[in-house]
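[1] task: produce atomic coordinates for the following.
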Amino acid sequence: MLTLYARHLKACETELKRRGMSPSARRSWRRCGCPIWIMGNDPRGEFHRRSLDTNNWQTAEAARRKVEDGEQPRIEIAAALDGWQAALRAAKRMERTVQHVHGAMARSLSEWCALNGYVHLDALTTGVLDEWVGTWKYKSTTHRSRIDLCRSFFRFAINRKWTSDNPAKGLIKPANTQEPTLPFTVEEEASLFGAAERFGERPHFEGLWATHPETARALLLVMRWTGLRASDAVQFEPRAITTQTVDGQLIPAYATYQTKTKEWVYCPIKPDVAVIISEAPRLCEASAFLPPAEWGMKTDGRSVSNGFYSSYLGPLGVLAGVTGVRAHRFRDTFAVRLLEAGKPLEIVQALLGHASIKTTQEHYAPWVRSRQEMLIREVVSMWR
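    Predicted coordinates:
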C-alpha cells in the first residue's frame, strides 16, 4: 500500500508539536506547504520512499496513482552509477581517477546491491547503506573517502532528479587515524642529501636510480625545494625554469598544473638548487626524470614515482640512517619550514597548490609559528 505524507519543514514541525499534535496527525496534516512524500509497496511489491517534488496534494495523488499503475519511471542502481561515471568523464576528470577511485566505489555498491536484491536507487536508505558499509575492510582514511564519494554520488542523483534524498548523509565516518604531518628534521635532511651523494658508490643497489644517482639527487632536490607531489616532481622539466627579477635579484621559478588537482602552482627555487637541477644528467632528451619508452619501463608519472620510492627512497633511508623516508615527507618539510619561518597559511596554500585553505589547515595548522607562540603565551601566563 502506498501512503502519502507531509515531510514537514523544521518551522512547521515545531509549530505542530506546539499545538500538541501526535506524530500520525502531523504526518497527515495538509494545511501547509511542506514537501509531500510517498512511502510503501506498490502492487508489484517494490518499495518506495521518496519525495514527489510537490507540495500540492492533488498533484501528489496523481503521482501516487501513476506509481500504482507502474507508470512512474524508477532508475536502477547500476544505471545511476554508470551515469555518474559517464558525467565525470564528460567533465574531463582523469580517467585513472574515475576508473580506480569513483569506479571502485561504484563497483562495490553495485555488486553488493545485486547480491542482496536491491535494484532501484530509491530502495537505498541510510540503514541499507549502513549494511553495505559494514562489509568494508578499509583503513580509516580510505573508509572516510569512500563515504565522501557515496555522498557525492547521491548529490549527483538528486541533481538528475533520480532521487530526492541523500541517504549517505546519515553515514557515520570513523575517527581519522591518519598519521600526522611529520617533516624531516634539519639533521635528517642533511643525512639524506649526504647519502644521496654517496648512493652511486653502493654496488649492491640496483634499478633505474642506482644507475643514475645524480639524476635521482636532482629529483630529490625538486621535491624538497618546490613542494611538488612526487607524481608532479617526476614530470618536472628543468628547461622550463624561468627567472624573474624580484627586489633587484634574479629568482629562478617553475610553473605547472598539478596532475592530481589541476590547480596552478608557482614554485620559486633557490638559485644554487636550480643550477644543480638544471645541470644534472637527464634520463633522455624528452624528459629529465621519466625513462624513455625504449627502456621497457612504465613512463607515466604515477608509476615512475612509485618506482622512485621502492628502488631509491627506501635504500636511501637505510644508507642515511633515517626511518620512514617517503616522498610526501619532502613536501611536508617544504611546507613546515615556511611555517616555522612565520609565513602565513595562505602563502603555504598557494605554494602547495591546495584548492582549499581547509586542506592546508588540516595538515599544517599545528606548525603555524604564530599559533605555537600563542599557545606558549597562554601556558606561560598560568605560571605567574
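[2] residue ranges with poor pLDDT in this protein?
    The model of the chain has pLDDT under 70 over residues 71-73, 177-181, 370, 384.
[3] residue contacts, the closest residue to Ala286 other than its chain neighbours?
    Nearest residue to Ala286 in three dimensions, chain neighbours excluded: Pro292, at 6.8 Å (C-beta to C-beta, 6 or more residues apart in numbering). Using the backbone N, CA and C atoms, a C-beta is placed for each residue, glycine as well. Applying C-beta atoms under 8 Å, 6 or more residues apart in numbering to Pro292 gives the contacts 283-284, 286, 299.
[4] can you tell me which of those has the most neighbours?
    Using other C-beta atoms under 10 Å as the neighbour criterion, Leu283 leads those with 22 neighbours.
[5] go ahead and confirm that one touches Ala293.
    No - using C-beta atoms under 8 Å, Leu283 is not in contact with Ala293; the gap is 11.5 Å.
[6] which residues touch Thr3?
    With contact taken as C-beta under 8 Å, 6+ apart, Thr3 is in contact with 38-40.
[7] and the helix or strand that contains it, what's buried?
    In the assignment (DSSP states H and E), Thr3 maps to strand 2-6. Within strand 2-6, the residues that count as buried by 16 or more other C-beta atoms under 10 Å are 2, 4-6.
[8] stretch 328-343 now?
    Within stretch 328-343, the residues scored as buried using 16+ other C-beta under 10 Å are 329-339.
[9] now, of the contacts of Thr3, which are buried?
    For the contacts of Thr3, a burial check counting by 16+ other C-beta under 10 Å picks out 38, 40.
[10] just the contacts of Thr3: which are in strands?
    Per DSSP state E, strands hold the following members of the contacts of Thr3: 38-40.
[11] which one of these is nearest Arg224?
    Nearest to Arg224, judged by C-beta to C-beta, of the ones in strands among the contacts of Thr3 is Met39 at 58.9 Å.
[12] find the nearest non-adjacent residue to the closest one, please.
    Nearest residue to Met39, sequence neighbours excluded (C-beta to C-beta, 6+ apart): Arg49, at 4.6 Å.
[13] surely that neighbour touches Asp42?
    No - the pair Arg49 / Asp42 is not scored as a contact, 11.6 Å apart, by C-beta under 8 Å.
[14] and which of the contacts of Pro292 is nearest Gly20?
    Nearest to Gly20 among the contacts of Pro292, with distances taken as C-beta to C-beta, is Thr299, at 72.4 Å.
[15] what sits against the closest one?
    By C-beta under 8 Å, 6+ apart, the contact list for Thr299 reads 290-293.
[16] go again with 7 Å.
    Counting by C-beta atoms under 7 Å, 6 or more residues apart in numbering, Thr299 makes contact with 290-291, 293.
[17] report the buried members of those.
    By neighbour count, with 16+ other C-beta under 10 Å, these hold 290-291 as buried.
[18] for the contacts of Thr299, which one is nearest Pro268?
    Checking the contacts of Thr299 against Pro268 by C-beta to C-beta gives Leu290 as the nearest, at 23.8 Å.
[19] assign the closest one to helix, strand or coil.
    coil (DSSP: H, G, I helix; E, B strand; the rest coil).
[20] list the helices and strands the lengthiest helix in the chain packs on?
    For the chain, the longest helix by residue count, based on DSSP state H, is helix 140-159. Secondary-structure packing of helix 140-159 (3 or more C-beta pairs under 7 Å, 6 or more residues apart in numbering; DSSP states H and E): helix 77-90, helix 103-116.
[21] I'd like the ones you listed as CSV, with distance to Val273 appended.
    Formatted as CSV, these follow (distance: least, C-beta to C-beta, whole Å):
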stretch, distance to Val273
helix 77-90, 38
helix 103-116, 39
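[22] which stretches of this structure form strands?
    Counting by DSSP E, the segments of the chain that form strands are 2-6, 36-41, 47-51, 242-246, 249-257, 264-268.
[23] of those strands, which is nearest Arg65?
    Nearest of the strands of the chain (C-beta to C-beta): strand 2-6, 9.1 Å.
[24] pull the CA atoms of that closest one into PDB?
    The C-alpha coordinates for strand 2-6 follow below in PDB (Å, rounded to 0.1, in the frame of the first residue of the first chain):
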ATOM      1  CA  LEU A   2       1.300   3.400  -0.900                       C
ATOM      2  CA  THR A   3       0.900   6.200   1.500                       C
ATOM      3  CA  LEU A   4       1.300  10.000   1.100                       C
ATOM      4  CA  TYR A   5       2.600  12.100   3.900                       C
ATOM      5  CA  ALA A   6       3.900  15.500   4.500                       C
END
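[25] sheet-wise, list the partners of that strand with their directions.
    Here strand 2-6 is paired, per DSSP bridges, with strand 36-41 (antiparallel).
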